[in-house]
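Asks: Here is my input; please provide its structure:
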Amino acid sequence: MNHALKPAFCAYRLLIRCSCWLQPLVLLMLRLWIANVFFSSGLTKIADWDVTLALFTDEYHVPLLPPAVAAVMAACGELGLSSLLALGLGGRFAAAGLFILNAVAVISYPGLTDATRQFHYFWGSQILVLLAFGPGLLSLDAACKRWLSRRCPAAGDC
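Replies: Model (predicted):
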């Protein structure tokens, strides 16, 4: 190896080691942040159910679903899926569900401003990161996989 490149190569290897160490923390923070956004929205929905039903009847135009059904599905999805995401239990499933909820929100609410639409796009892109990389090592999914691989070594191949 060229001696002039050796310091750059060592710095690069250090950067890779640090990023591998940081990845589980970054995925945990991302899961918790996204979960908080959707869980807070779900809490708002159940705080005043009459207002929620009125919004789903008059403002939100969820395709193919009656307003009351859409309201229940949205509240349950936001509360349940965000809880699963925060725990990292069924992490990719939870992320997929929240991605769909987010997409339906963008489609069904014509009153979104450009700024609020950008928030939804931002959340959607972050959810896609969780779909692509999974919930990470600091999750119940990873803990279950470790436990299963100790109990049944062939299960670790899945």
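Asks: all contacts plus neighbour counts: C-alpha atoms, from now on.
Replies: OK.
Asks: for the chain, which helix is longest?
Replies: Identified as the longest helix of the chain according to DSSP state H is helix 6-47.
Asks: quick check: mean pLDDT across the helix or strand just after that helix?
Replies: Heading C-terminal from helix 6-47, the first helix or strand you meet, by DSSP states H and E, is helix 49-58. The predicted model assigns helix 49-58 a mean pLDDT of 96.
Asks: Report the angle between helix 49-58 and helix 6-47.
Replies: 100 degrees (axes from the mean of the first three to the mean of the last three CA atoms, to 10 degrees).
Asks: Please name every helix or strand in contact with the longest helix of the chain.
Replies: The contact analysis (3 or more CA pairs under 8 Å, 6 or more residues apart in numbering; DSSP states H and E) places helix 6-47 against helix 49-58, helix 67-87, helix 114-133.
Asks: Of all those, which one comes closest to Ala96?
Replies: Across these, the minimum distance to Ala96, taken as CA to CA, is reached by helix 114-133, at 6.7 Å.
Asks: could you give the mean pLDDT of the closest one?
Replies: The model assigns helix 114-133 a mean pLDDT of 96.
Asks: Give me the residues contacting the next helix or strand after it.
Replies: As assigned by DSSP H and E, the chain's next helix or strand after helix 114-133 is helix 140-151. By CA atoms under 8 Å, 6 or more residues apart in numbering, the residues outside helix 140-151 that reach it are Leu87, Gly88, Leu89, Gly90, Gly91, Pro135, Gly136, Leu137, Ala155, Gly156.
Asks: Just the buried ones among those, please.
Replies: Buried subset of these (neighbour count, 16 or more other CA atoms under 10 Å): Leu87, Gly88, Leu89, Gly90, Gly91, Pro135, Gly136, Leu137.
Asks: Widest-spaced pair of the residues you listed?
Replies: Across those, the longest distance by CA to CA is 13.1 Å; it joins Gly90 and Leu137.
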